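1. Everything below, folded, please.
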Amino acid sequence: MAHAISIPRLGWSMEEGTFREWLKASGDKVSPGEMLYVLEGDKAAQEIESIDAGILWIPPDAPQPNDAVQVGQVIGFLLAIGETPPNEPLAAKRSSSNAIETNKSPAAAPVVQQKKHQPVATPRARRRAGELGVDWTAVSGTGRHGRIRERDVVAAASAKPEPPASRIRQAIAQRMLAGAQQTAPVTLFTKTNASELVRWRNHARENTQGAVVPGYTEIIVKLVAALLPECPPLNACWQEDQVHLHEAIHIAVAVDTDHGLLAPVLAHADRLSLQELTVQFRLLIERARAGTLSQKELQGGTFTVTNLGAFGIDFFTPIINVPQAAILGIGRIVREPVVRGEAIVVGETIGLSLTFDHRAIDGAPAARWLQRLCQAIGRPGEMLDRMR
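-> Coordinates of the predicted model:
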């Protein structure tokens, strides 16, 4: 009995992927757990391991590198020693189980031949198509009964087709649309004192020897991770008409790359020291921009942080990274006049934007948590020194 090798679902929304390459050759012996092939999902490529054992057989009509493949599509087989490979074309197979019977012959199906309508073009249109290098048979005619005229050929030659959206762009579009349509989003905006945050980071930069100096994003991510247990519904998701609270705190952080927006995950961010979190985050940024993130590094986030402060943005409306319940947007740090007691002095402020799913949490507790975060940003040393 041959074991079918089929395309797995790498992400919650994945229906199609891109086959990259086989890591084994046809005829090689394969053991469970060995890496078989490379599959690119929505945002990352991943090596897929074998579940079964056997001799790899790659059919002649198996996907080639960069071919699109569907979830569940069969691309090859693992055979027992001496077993005859299945003779049914792969196009007819879609895996519904791990094993495929090889002693059953496929049922014949009648083939209906359809007559293809041949487009009609004027002689001038055909001559002009030859001059412009246009396939006139693919041009839509505007003449009577769809007759192709010279003007139709010229229009086709001058048309510039839009390049297709990349797989990452399609994945981003799908997730953003889901975040807007599958949640009840509400965004809270606030501005808070950042003078102590700036002072604390400057002090760390001047006194850190041989260690990576944390940036404002890493500091706020660490504060967020430390405070999320105070408001569990923010570290949650809405599933089956109820709030599912996550026990672990895995912070996804948005990263701008040439390939598109990615959000690698800092697993157990609350357990990491600020230095550990900073080192891990910098490595994830490098891997994200190099296009070498694994699918695992992009999955499992329970809360997301995104920072647009570097682009001069004060406030914005972050879109929830479904199936999460909340996302925090960080704005720029602004040096401006602030009131302290009875005096107006020069200080620093920072804008925060918290979007949450109103199905999972109400506005008042979300606002209280945001207020608590503002207090921590206003006195970061107290909490960060305690967490060292």
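
2. hey, let's count contacts and neighbours off CA atoms from now on
-> Will do.

3. Was I right to think His246 contacts Asn235?
-> Yes - His246 is in contact with Asn235 according to Cα atoms under 8 Å; the separation is 6.1 Å.

4. Neighbour count for the two, which is higher?
-> A side-by-side neighbour count of His246 and Asn235, using other Cα atoms under 10 Å, places Asn235 first with 27 against 18.

5. contacting residues around that one?
-> Taking Cα atoms under 8 Å, 6 or more residues apart in numbering as the criterion, Asn235 is in contact with Leu228, Pro229, Leu245, His246, Ile249, Thr302, Phe303, Gln324, Ala325, Ala326.

6. measure it to Leu354 for me?
-> 13 Å (Cα to Cα, to the nearest Å).

7. same question, Trp136
-> Going from Trp136 to Leu354 by Cα to Cα gives 55 Å.

8. got any residues that touch both of His246 and Asn235?
-> Thr302.

9. if we can go back for a sec, including distance to Asp385, secondary structure and pLDDT, could the contacts of Asn235 go into a markdown table?
-> A markdown table is the format used below for the contacts of Asn235 (distance: Cα to Cα, whole Å; DSSP: H, G, I helix; E, B strand; the rest coil; pLDDT from 0 to 100):
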| residue | distance to Asp385 | secondary structure | pLDDT |
| --- | --- | --- | --- |
| Leu228 | 18 | helix | 98 |
| Pro229 | 19 | helix | 97 |
| Leu245 | 28 | strand | 97 |
| His246 | 26 | coil | 97 |
| Ile249 | 20 | coil | 98 |
| Thr302 | 25 | coil | 97 |
| Phe303 | 24 | strand | 98 |
| Gln324 | 29 | coil | 96 |
| Ala325 | 29 | coil | 97 |
| Ala326 | 27 | strand | 98 |
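
10. nearest to Ile55, of those?
-> Thr302 (40.6 Å; Cα to Cα).

11. Wait, that closest one touches Glu247, no?
-> No - using Cα under 8 Å as the test, Thr302 is too far from Glu247 to be in contact (9.5 Å).

12. Which one's more surrounded, those two?
-> Thr302 (26 against 12).

13. Over to the residue located most distally from the centre of the chain: give its phi and psi.
-> Within the chain, Pro123 marks the point farthest from the mean C-alpha position, 51.1 Å out by Cα atoms, centre = their mean. Main-chain torsions, Pro123, degrees, to the nearest 10: phi -60, psi -40.

14. any idea how far it lies from Ala129?
-> Per Cα to Cα, Pro123 is found 10 Å from Ala129.

15. Check Asp42 too.
-> Using Cα to Cα, one obtains 39 Å as the distance from Asp42 to Ala129.

16. same thing with Gln70?
-> From Gln70 across to Ala129, the span is 37 Å (Cα to Cα).

17. Looking only at neighbour counts, state which of these two leads.
-> The neighbour comparison of Gln70 against Ala129 (other Cα under 10 Å) goes to Ala129, with 21 against 17.

18. The contacts of Asn235 into JSON lines, with extra columns for distance to Glu196?
-> Converted to JSON lines, the contacts of Asn235 look like this (distance: Cα to Cα, whole Å):
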{"residue": "Leu228", "distance to Glu196": "21"}
{"residue": "Pro229", "distance to Glu196": "24"}
{"residue": "Leu245", "distance to Glu196": "33"}
{"residue": "His246", "distance to Glu196": "32"}
{"residue": "Ile249", "distance to Glu196": "26"}
{"residue": "Thr302", "distance to Glu196": "28"}
{"residue": "Phe303", "distance to Glu196": "25"}
{"residue": "Gln324", "distance to Glu196": "31"}
{"residue": "Ala325", "distance to Glu196": "30"}
{"residue": "Ala326", "distance to Glu196": "26"}
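
19. quick revisit: check the gap between the residue farthest from the centre of the chain and Val139 for me.
-> To Val139, Pro123 is 14 Å away according to Cα to Cα.

20. and if you look at Glu336?
-> Relative to Val139, and taking Cα to Cα, Glu336 is found at 61 Å.

21. higher neighbour count, those two?
-> Val139 (21 against 11).

22. Next up, the contacts around the more buried one.
-> With Cα under 8 Å, 6+ apart as the criterion, the residues that contact Val139 are Ile148, Asp152, Val153, Ala156.

23. Val279: which of these is nearest?
-> Distance from Val279 was checked for each of these by Cα to Cα. The minimum falls on Ala156, at 53.4 Å.

24. Got the confidence number for that closest one?
-> pLDDT, the model's per-residue confidence, is 87 for Ala156.

25. need the contact list for it.
-> Shown here is Ala156, whose contacts under the criterion Cα under 8 Å, 6+ apart are Val134, Val139.
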